[in-house]
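Asks: Let's see this in three dimensions:
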Amino acid sequence: MSRNLTELNRPDALYPPLEPYRQHMLDVDKGHSIYIEECGNPDGLPIVVLHGGPGGGCSSHMRRLFDPDKYRAVLFDQRGCGRSHPKGSVDANTTWDLISDIGTIREHLGIERWVVFGGSWGTTLGLLYAQQSPSHVHALILRGIFLMTQAELDWFYGGGAARFWPDAWEAFRSIIPPSEQTDLIKAYHRRMFCNDAEMEHTYGKAWLTWESQLSSNENTSLIKEVPASYARTFARLETHYFVNTGFLDEHTAILNNMSKIANTPGIIVQGRFDLLCPPHTAHKLHRNWPTSELHITKAGHAMTEPATTQKLISVLNNF
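Replies: Residues are numbered from 1 along each chain as shown. Purely as a prediction, here's the structure:
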C-alpha cells in the first residue's frame, strides 16, 4: 500500500482508516490499567506511538500515518487519560512511571527493539525513554519538539505566545484573580484539584481552549463541543505535570543526556510557525544530536496540518 511521491504531495495523503487487529488492557502498577492497540502488519517493523499532552490520548488519525503493510504500530493511552483508567488520576503518575510503562508494554508484546514515534509531549517521553533504554530503540521519529523545560513553560504560560494571540490570552488569564496571575500554571492547578466538579470543568475547558486555539495555523483544532469530562482530565494531568516541571531536574534534563543516544538515528519534523513548541527548541536539539535530521515544514503545531502530515508519511515510507 506504499504510495509514490505524486500521491504524497496530496493534502489527503493519509492511509485509509484502519482498525486495530488487537485491543486490550494491561495492568501495570498502583492500580493503573493501560489501554493498548496494535495496527497494521503483525510481522512488520514495530513502532510505538507516544501521544501528546500530558493528558491526551491515541486517536484513529494517528494510525493513518503508517503503511499497514510495513509497520506493526503500537498505540497506547498513557496513565490517567484516554481509555486507560482510573481516568484523571495523578497518583503514581509521573514521567518516570510513563517511561516504565513503555518498557513494560515492549516486554509484554515480545518486542526486542522498535522505532519510537512521538509528537509534542510524546517527544519528551520518546527522548527520555531512548536515553534510558537505547539498546531497545532502532531510531526516533519526532514531531513538534517539547523538552519540558521551564523556559518552554514560561513561553506558553508566561506571556510569550500571548503576543500572537492577545485576545485568547486575555480570556485564559482573566478568569484568574490578578493576585494569582504571575503563575497561571499554579493557579489553574489549584482549581483543577479543588474537589468542586463544576469548577474543575469550567477551568479545564478554559485551559484546553487556550492550548487548542494556538495548536494550528488553520484553526482546525479549535474546540467546540469537547466534553467537559475530557477537558477536566486533560487539564488535571497537564497542570500536574507542568507544576512539577515534568519531574525532571538538572541530572535528568534531556539536553544534558544526549550523549546516551549519540549513535541513535533521529528524524525531527518541526512546524516553522509552531506557537506551542517554537522551532528554536527543535534546532537546539538537532545541534546536540549528531545523528539527527531536521525537517522544517510550513505549518504550526498540529500533526493534522497538511505540510506536516505529508512530511511524516514521506519519512515513514522512506525510513
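Asks: Need the three-state assignment for the closest residue to Ala92 other than its chain neighbours.
Replies: Distances taken as Cβ to Cβ, 6 or more residues apart in numbering place Lys30 nearest to Ala92, at 3.5 Å, with adjacent residues excluded. All C-beta atoms are positioned from the backbone trio N, CA, C, and that covers glycine. Lys30 carries the three-state label coil when classified by DSSP: H, G, I helix; E, B strand; the rest coil.
Asks: same thing with Val116?
Replies: Of the three states, Val116 takes strand according to three-state DSSP.
Asks: for it, what are its contacts?
Replies: Counting by Cβ atoms under 8 Å, 6 or more residues apart in numbering, Val116 touches 47-48, 50, 126, 129-130, 137, 139-141.
Asks: do that again at 6 Å, thanks
Replies: 48, 126, 137, 140 (Cβ atoms under 6 Å, 6 or more residues apart in numbering).
Asks: Using PDB, list the CA coordinates for stretch 263-272.
Replies: As requested, the backbone C-alpha atoms of stretch 263-272 are provided in PDB (Å, rounded to 0.1, in the frame of the first residue of the first chain):
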ATOM      1  CA  ASN A 263      24.500   6.900  18.000                       C
ATOM      2  CA  THR A 264      20.800   6.600  17.700                       C
ATOM      3  CA  PRO A 265      19.300   7.900  14.400                       C
ATOM      4  CA  GLY A 266      16.600  10.600  14.800                       C
ATOM      5  CA  ILE A 267      14.300  12.400  12.400                       C
ATOM      6  CA  ILE A 268      12.800  15.700  13.600                       C
ATOM      7  CA  VAL A 269       9.800  17.200  11.800                       C
ATOM      8  CA  GLN A 270       9.000  20.700  13.100                       C
ATOM      9  CA  GLY A 271       6.500  23.300  12.100                       C
ATOM     10  CA  ARG A 272       8.000  26.700  11.200                       C
END
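Asks: Now for Gly118, how many residues are close by?
Replies: Burial of Gly118, expressed as a neighbour count using other Cβ atoms under 10 Å, amounts to 25.
Asks: confidence score at it?
Replies: Reading off the confidence values, Gly118 has pLDDT 98.
Asks: again with Gly80
Replies: Reported pLDDT for Gly80: 97.
Asks: is it true that it touches Ser89?
Replies: Yes - with contact taken as Cβ atoms under 6 Å, Gly80 and Ser89 are classed as touching, separated by 4.8 Å.
Asks: one step back: drop anything exposed from the contacts of Val116.
Replies: With burial judged by 16 or more other Cβ atoms under 10 Å, the buried subset of the contacts of Val116 is 48, 126, 137, 140.
Asks: could you dump those residues to TSV with pLDDT?
Replies: As requested, the buried ones among the contacts of Val116 are arranged in TSV below (pLDDT from 0 to 100):
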residue	pLDDT
Val48	98
Gly126	98
Val137	98
Leu140	98
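Asks: Show me which of those residues is closest to Leu98.
Replies: Gly126 (10.8 Å; Cβ to Cβ).
Asks: So that closest one lies in a helix, does it not?
Replies: Yes - Gly126 sits within a helix when classified using three-state DSSP.
Asks: Quick one: residues contacting it.
Replies: Residues in contact with Gly126 (Cβ under 6 Å, 6+ apart) are 50, 116, 118, 140.
Asks: which one of those residues is nearest Asn217?
Replies: Out of those, the one with the shortest distance to Asn217 is Gly118. That distance is 21.3 Å, counting by Cβ to Cβ.
Asks: residues contacting the closest one?
Replies: Counting by Cβ under 6 Å, 6+ apart, Gly118 makes contact with 50, 126, 142.
Asks: now do Glu200
Replies: Residues in contact with Glu200 (Cβ under 6 Å, 6+ apart) are 192, 232.
Asks: Ok, Lys311 next?
Replies: Applying Cβ under 6 Å, 6+ apart, the residues near Lys311 are 269, 295, 297.
Asks: So it versus Ile268, what's the distance?
Replies: The gap separating Lys311 from Ile268 is 10 Å, by Cβ to Cβ, to the nearest Å.
Asks: Can you name the helix or strand that Glu198 falls in?
Replies: According to DSSP states H and E, Glu198 maps onto helix 197-213.
Asks: So Met148 lies in a helix, does it not?
Replies: No - applying three-state DSSP, one finds Met148 to be coil, outside a helix.
Asks: Start at 44, not 1
Replies: Sure thing, new numbering starts at 44, so read that last one as Met191.
Asks: How about it, nearest residue that isn't a chain neighbour?
Replies: Distances taken as Cβ to Cβ, 6+ apart place Gly289 nearest to Met191, at 3.5 Å, with adjacent residues excluded.
Asks: so what's the backbone phi/psi at that neighbour?
Replies: Its backbone dihedrals place Gly289 at phi 70, psi 10, with angles given as degrees, to the nearest 10.
Asks: which non-adjacent residue is nearest Pro63?
Replies: In space, and not counting its chain neighbours, Pro63 is closest to Glu80: 3.9 Å by Cβ to Cβ, 6+ apart.
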